[in-house]
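Asks: My questions are about this predicted structure, shown below with the sequence.
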Amino acid sequence: MNDTVSAVNALTARWARQTRQGTVFSAAGVWPLLAFLADGATGPARDELTRAVGMQADRAAAGARELLAGLDAMPGVESALGLWTDRALELREQWAAGLPADAHGVLGPDVAASREALDAWAAKRTGGLVERMPVRLADGARLVLATALALRTDWRHPFRETVLRPGSGPWQGRALAGLHRSSVRPDRIGVTAGPDGALTTVKVPGGNGLDVHLLLGAEGMAPGQVLGTGIGVLERALPVTTGGRLPYGPAGPGVVVERQPSLTPDPTRLDVTTVGFTVRADHDLLQLHGLFGLSTAADAREGHFPGISAAPLAIGAAGQSAVAEFGPLGFRAAAVTAVLAAPGGGPPQHPYESTVVRAVFDRPFGFLAVHRETRLVLAAGWITDPAPAA
């Protein structure tokens with residue numbers, strides 16, 4: 001599965017470079033759809049989809065099946081693929097056989113009823129986090145292909161809720177829902193000198209093999225630069241200095257290392273302060289048709305998918321709806337992605353001293369939700385509007 005993970009993470013990095021504002025997205029939700037489309041496409045559409053997938057088209061469907069099977073095997077992750085077709089549309093047997101056996105449904109003649117059924121599928125598959133399909137079913141739709149992805153993890157060690165009042169930056173003067181925790185694992189934090197600037201990463205481990213990596217870049221770094229550098233760290237392409245080796249004083253974006261009196265003899269401690277957040281985003285994938293290899297496929301003047309059906313098909317709509325929530329006890333996220341084919345106490349005594357690595361995320365930052373074992377990025381985002389203090 002290594003090649004598939006690399007291909008999905010590469011799409012995540014390319015999508016991240018398009019990020020300009022607060023958002024959440026899941027390339028892991030888009031990639032299987034593009035892979036199945038590439039398998040059934042021909043001509044320039046096949047070439048463009050192949051580049052977007054980062055894998056040869058004749059291997060793409062197998063990669064999609066491998067990814068979906070891998071997601072199903074991950075604790076805390078639920079995934080599904082759904083296919084709905086017009087009753088009159090005949091699929092190529094070989095292409096349809098590559099999809100999950102229970103994935104195929106039918107688009108009925110009542111568009112409103114079909115739309116309601118698709119929305120119910122999205123809500124059920126994401127535990128209600130995403131309530132409707134990201135594409136609107138309309139008259140003339142021949143085929144809808146969709147994925148749903150939901151993930152949830154509880155922190156091994158919960159955060160303590162507090163109030164964070166940034167003294168500078170875009171959040172200055174706001175009372176925010178702060179989260180704080182202290183640990184004796186300074187290896188959870190790292191600082192790297194990336195090609196676009198310095199980056200601080202803090203890994204927050206979940207109890208089921210899912211982690212969330214918080215990413216704070218140097219002042220002036222764009223969201224895409226921060227997220228892209230974070231993926232480089234995740235894939236071990238960039239050198240990282242971990243907490244126990246950071247120098248005293250300012251040691252990276254948002255990081256200060258200092259000596260402090262301590263009640264325990266722990267040599268080094270990590271203090272992390274961040275903010276709780278809920279972020280939602282809807283993406284029209286056809287607005288980034290070049291990124292997703294859909295430029296030619298969206299041209300309705302001719303069909304582009306003879307490997308899917310003898311009937312001429314073109315991509316009429318493609319979208320993703322995603323949400324992520326980060327709180328004191330854990331993290332959860334979901335994404336539904338679809339493509340629609342249409343014709344065409346008193347002061348204590350401190351007997352010890354310890355080194356404290358203090359990290360504060362008090363201005364816009366990025367995050368990656370990652371499967372620990374494979375390092376597959378399941379969701380990524382950029383936080384510009386954190387939760388206010390209660």
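Replies: Sure thing, it's come through. Residues are numbered from 1 along each chain as shown.
Asks: would Thr355 count as being in a helix?
Replies: No. Applying DSSP: H, G, I helix; E, B strand; the rest coil, one finds Thr355 to be strand, outside a helix.
Asks: Where does the prediction get shaky in this structure?
Replies: The model of the chain has pLDDT under 70 over residues 262-266, 345-353.
Asks: Which parts of it are helices?
Replies: With DSSP state H as the definition, the chain shows helices at residue ranges 2-16, 27-40, 43-53, 57-72, 93-97, 111-125, 223-234.
Asks: send the alpha carbons of the third one over as PDB?
Replies: The C-alpha atoms that make up helix 43-53 are tabulated as PDB, following Å, rounded to 0.1, in the frame of the first residue of the first chain:
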ATOM      1  CA  GLY A  43      -7.900   9.800 -24.600                       C
ATOM      2  CA  PRO A  44      -6.900  13.100 -23.000                       C
ATOM      3  CA  ALA A  45      -9.300  12.600 -20.100                       C
ATOM      4  CA  ARG A  46      -7.400   9.400 -19.200                       C
ATOM      5  CA  ASP A  47      -4.100  11.100 -19.400                       C
ATOM      6  CA  GLU A  48      -5.200  14.000 -17.200                       C
ATOM      7  CA  LEU A  49      -6.700  11.700 -14.600                       C
ATOM      8  CA  THR A  50      -3.600   9.500 -14.600                       C
ATOM      9  CA  ARG A  51      -1.400  12.600 -13.700                       C
ATOM     10  CA  ALA A  52      -3.900  13.600 -11.000                       C
ATOM     11  CA  VAL A  53      -3.900  10.100  -9.500                       C
END
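Asks: Which stretches in the stretch 101-250 of the chain count as strands?
Replies: For the stretch 101-250 of the chain, strands defined by DSSP state E, counting those that start in this stretch occupy the ranges 104-107, 143-154, 160-164, 176-183, 189-194, 197-205, 210-217, 241-242, 249-252.
Asks: how about these, which one is nearest Val377?
Replies: Val377 sits nearest to strand 210-217 of all the strands of the stretch 101-250 of the chain, at 9.0 Å, using CB to CB. Where you see a C-beta, it was placed from the backbone N, CA and C, and this is true even at glycine.
Asks: Tell me which residues touch the residue nearest to Val202 when sequence neighbours are not counted, please.
Replies: Nearest-residue entry for Val202: Leu214, 4.6 Å, with adjacent residues in sequence omitted and distances by CB to CB, 6 or more residues apart in numbering. The contact partners of Leu214, by CB atoms under 8 Å, 6 or more residues apart in numbering, come to 201-202, 204, 272, 274, 361, 365-367.
Asks: circling back: out of the helices of the chain, which one sits most buried?
Replies: Most buried of those, by mean neighbour count (mean count of other CB atoms under 10 Å): helix 27-40, with a mean of 28.
Asks: Look up how far Leu234 lies from the residue nearest to Val202.
Replies: Distance of Leu214 to Leu234, computed by CB to CB, to the nearest Å: 12 Å.
Asks: What of Asp139?
Replies: Using CB to CB, we find Asp139 at a distance of 44 Å from Leu234.
Asks: tally of neighbours for the nearest residue to Ala218 once chain neighbours are set aside?
Replies: Leaving aside its sequence neighbours, Ala218 sits nearest to Gly197 (CB to CB, 6+ apart; 3.8 Å). By other CB atoms under 10 Å, the residues close to Gly197 number 17.
Asks: ok, what's across the strand from Gly197?
Replies: Gly197 forms beta bridges with Gly194, as assigned by DSSP bridges.
Asks: residue contacts, it?
Replies: Gly197 is in contact with 217-218, 220-221, 225, 229, counting by CB under 8 Å, 6+ apart.
Asks: Tell me how far Phe326 lies from Gly167.
Replies: Using CB to CB, one gets 22 Å for the distance from Phe326 to Gly167.
Asks: and of the strands of the stretch 101-250 of the chain, who's closest to Val336?
Replies: Of all the strands of the stretch 101-250 of the chain, strand 143-154 comes closest under CB to CB, at 5.0 Å.
Asks: tilt between that closest one and helix 27-40?
Replies: Orientation note: strand 143-154 sits at an angle of 150 degrees relative to helix 27-40 (axes from the mean of the first three to the mean of the last three CA atoms, to 10 degrees).
Asks: now the angle from strand 143-154 to strand 210-217?
Replies: Computed by the same axes, to 10 degrees, the angle between strand 143-154 and strand 210-217 is 90 degrees.
Asks: Please state the offset of strand 143-154 from the chain centre?
Replies: Its chain's C-alpha centre and that of strand 143-154 lie 11 Å apart, by CA atoms, centre = their mean, to the nearest Å.
Asks: what's the answer for stretch 300-311, then?
Replies: When distances are taken as CA atoms, centre = their mean, stretch 300-311 is centred 31 Å away from the chain's centroid.
Asks: Buried residues, stretch 366-376. List them.
Replies: Neighbour-count burial for stretch 366-376, counted by 16 or more other CB atoms under 10 Å, picks out 366-371, 374-376.
Asks: Among these, list the two that are farthest apart in space.
Replies: Among those, Gly366 and Thr374 lie farthest apart (CB to CB), at 20.3 Å.
Asks: shouldn't Asp119 be in contact with Glu131?
Replies: Yes. Under the criterion of CB atoms under 8 Å, Asp119 makes contact with Glu131 at 6.7 Å.
Asks: re the thing from before, return the distance of the residue nearest to Val202 relative to Thr23.
Replies: 16 Å.
Asks: Verify the stated contact: Leu246 with Val357.
Replies: Yes. At 6.2 Å, Leu246 counts as touching Val357 under the criterion of CB under 8 Å.
Asks: Mutual contacts of the two, please.
Replies: Common neighbours of Leu246 and Val357, counting by CB under 8 Å, 6+ apart, are 189, 255, 257.
Asks: How many residues are close by the nearest residue to Asp154 once chain neighbours are set aside?
Replies: Distance criterion CB to CB, 6+ apart; nearest residue to Asp154, sequence neighbours excluded, is Gly330 at 4.0 Å. By other CB under 10 Å, 21 other residues sit near Gly330.
Asks: ok, now Leu199?
Replies: Using other CB under 10 Å, Leu199 is surrounded by 28 other residues.
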